[in-house]
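Q: Pasting the sequence and the predicted coordinates here, then a few questions.
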Amino acid sequence: MTAPYAPPPYPPPQPASRTRPVVVVLALLVVLALGAAGTMAALWNDARQDRTTASRALDDATRQVDDRRAELSDTRKAIQETTEKISSLESENAELHKCADPAKDSIIAARDGNQPALAAAIDRVEVACR
Amino acid sequence: MSRAPIIALSAVAALFLATAAVFTVLFINERNETDRLTAARAARETTAGEVAKEREEADKSLADKRSRQNDLDAERDLLTQCVEATKAYFKLPVGNSPESDRLFKIMYDVCPQI
């Protein structure tokens, strides 16, 4: 017969810990958050390098446009100058033709032995080539 | 069991989550900026192509005009020789002289080329 208040022959069951699963979940969350932070940091770093590369490429493209515009401007200026020279030469040549054409006609007439044409050409030379 | 580990782990998790959020925002900003720069570069390259085409046309126009100028220069040289010889010839007294022969030879050689 056992005593009425004797301790049981096995230890009484401990109450289940309620904090342990929370700690496990939080630890898992810490690991996931750390992984996410690391991943995003790496992605940000890559994106930063991409942005630097894109910025350099934009600078190059802008410089290229500026250079080509400057070259185009120079070419247009040269066209303008050449056009003015052409206009000047055309006027000058037109003035020279007034004397040179009858002179040419006189030489051709003389070479061909065409006396009437030669006389007419010489008359024109004497007027135009004063 | 103490609540200290829960508080500590919560704080660390919150810190890492906040860090991840910050890097996410930074990443999105960088991507948006990269996209903007890339689009701007594409526009610049299109402009560069258009300017290059205009330059090509301008170069061709300039070459044509320079060719025309060279032709006019050559014509002016002939005209000048012809006119100067003619004027000098007709200022000489009538009759043959070495100078009249020289001038007539110039006229004979040059004027018909005009």
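A: Everything's here; your move.
Q: So which elements touch whichever helix in chain A runs longest?
A: Ranked by residue count under DSSP state H, the longest helix found in chain A is helix A:19-112. For helix A:19-112, the elements it packs on are helix A:115-128, helix B:4-91, helix B:98-110, judged by 3 or more C-beta pairs under 8 Å, 6 or more residues apart in numbering or on different chains; DSSP states H and E. C-betas here are computed from N, CA, C, even on glycine.
Q: Could you check the angle the shortest one makes with helix A:19-112?
A: So that's helix B:98-110. Comparing the axes of helix B:98-110 and helix A:19-112 via axes from the mean of the first three to the mean of the last three C-alpha atoms, to 10 degrees yields an angle of 130 degrees.
Q: The second one too?
A: Here helix B:4-91 runs at an angle of 0 degrees relative to helix A:19-112 (the same axes, to 10 degrees).
Q: And B:Glu30, how far from B:Phe104?
A: B:Glu30 sits 86 Å away from B:Phe104, going by C-beta to C-beta, to the nearest Å.
Q: more crowded one of these two?
A: With neighbours defined as other C-beta atoms under 10 Å in any protein chain shown, B:Glu30 and B:Phe104 compare such that B:Glu30 has more, 21 against 17.
Q: and residue 93, how many neighbours does it have?
A: No chain specified, so I'll use chain A. The burial count for A:Asn93: 18, using other C-beta under 10 Å.
Q: you looked at the wrong chain, it should be chain B
A: 6.
Q: repeat for A:Ala61
A: 20.
Q: ok, now A:Gln64?
A: By other C-beta under 10 Å, 16 other residues sit near A:Gln64.
Q: B:Arg3 and A:Thr19 touch, don't they?
A: Yes - counting by C-beta atoms under 8 Å, A:Thr19 is a contact partner of B:Arg3 at 6.9 Å.
Q: Quick check: the gap between A:Glu81 and A:Asp74.
A: Between A:Glu81 and A:Asp74 the computed distance is 11 Å (C-beta to C-beta).
Q: my bad, B:Ala48
A: Here B:Ala48 is placed at a distance of 16 Å from A:Asp74 (C-beta to C-beta).
Q: and the two? which has more neighbours close in?
A: More crowded of B:Ala48 and A:Asp74, by other C-beta under 10 Å: B:Ala48, with 19 against 13.
Q: can you list contacts of the lowest-mean-pLDDT helix or strand in chain B?
A: The helix or strand of chain B with the poorest confidence is helix B:98-110; it has a mean of 94 (mean pLDDT, DSSP states H and E). Helix B:98-110 is touched from outside by A:103, A:107, A:111, B:78, B:81-82, B:85-86, B:88-89, B:92, with contacts defined as C-beta atoms under 8 Å, 6 or more residues apart in numbering or on different chains.
Q: Sweet, I'm off.
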